[in-house]
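Participant: Requesting a structural model of the entry that follows:
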Amino acid sequence: MGTCDLSNEIPADAFIVGCQFVPDIGSICYGTAAGDLVVFNVEQQKVRYNLVRPLIVKIFMLICYQAECVGFVDSEIRCMAWSPDYEILIITTGNNTLVSMTQEWDILLEVPLEDETDQKASCLNFFSS
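Facilitator: Residues are numbered from 1 along each chain as shown. Here you go, the predicted structure:
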C-alpha cells in the first residue's frame, strides 16, 4: 500500500480538529477550527503487473484527488468524530451546538449545549414564576 501526501492541499495555517479515513465513502475527511469540512477522495488502484520470474508482482498506487469542501460551520468546529460504523458524523461548534450529519452531509440534528449555570437559572426562573 502507498502513501498520499496531502501537505500541498491543506493550508499551512489550518488547525485540524479532527481527521478520519471513512471507508464507506473512500475518503479522508477532516475539519478545521475555522469551520471547513473537507474530504479527499482516495482509492487504491492496481497500476501494472511486473513479471519477475517466477513471481508476478502487483504494483499498487494510492491516488488522491483534489480536496472538496463539503461544508462550512460559521461558528467554527471545535471537535468532530465519526460513529464506529462511519454512518454519522458529530460536530461540536463554536456556538456550543452539537450537529449530527450523515455520510451524504445531510444534517440530522442540531442540539444546543447549555452550560450548567444557564440550566440552573432557567429552572429557578421557571419555579419562581
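Participant: Can you name the residues that contact residue 30?
Facilitator: Going by Cβ atoms under 8 Å, 6 or more residues apart in numbering, residue 30 touches 10, 16, 18, 19, 20, 37, 38. From N, CA and C alone the C-beta is placed, and that goes for glycine too.
Participant: Contacts only, for the nearest residue to it once chain neighbours are set aside.
Facilitator: Distances taken as Cβ to Cβ, 6 or more residues apart in numbering place residue 19 nearest to residue 30, at 4.0 Å, with adjacent residues excluded. By Cβ under 8 Å, 6+ apart, the contact set of residue 19 is 28, 29, 30, 31.
Participant: tell me the two of those that are most distant?
Facilitator: Taking Cβ to Cβ, the two most distant members of the contacts of residue 19 are 28 and 31; they sit 11.5 Å apart.
Participant: Looking at the two, which one has more neighbours?
Facilitator: residue 31 (26 against 19; other Cβ atoms under 10 Å).
Participant: wait, what's in contact with residue 90?
Facilitator: Under the criterion of Cβ under 8 Å, 6+ apart, the contact partners of residue 90 comprise 80, 81, 82, 83, 98, 99, 100.
Participant: Buried ones in the host helix or strand of it, by neighbour count?
Facilitator: If you go by DSSP states H and E, residue 90 is part of strand 88-93. Applying a neighbour-count criterion of 16 or more other Cβ atoms under 10 Å, the buried positions in strand 88-93 are 89, 90, 91, 92, 93.
Participant: ok, that strand: who's next to it in the sheet?
Facilitator: Strand 88-93 pairs in its sheet with strand 77-82 (antiparallel), strand 97-102 (antiparallel), by DSSP bridges.
Participant: Quick check: mean pLDDT of it?
Facilitator: The average of the pLDDT scores along strand 88-93 is 94.
Participant: what does stretch 19-39 give?
Facilitator: 88.
Participant: Quote the end-to-end distance of it.
Facilitator: Separation of the first and last residues of stretch 19-39 by Cα to Cα, to the nearest Å is 10 Å.
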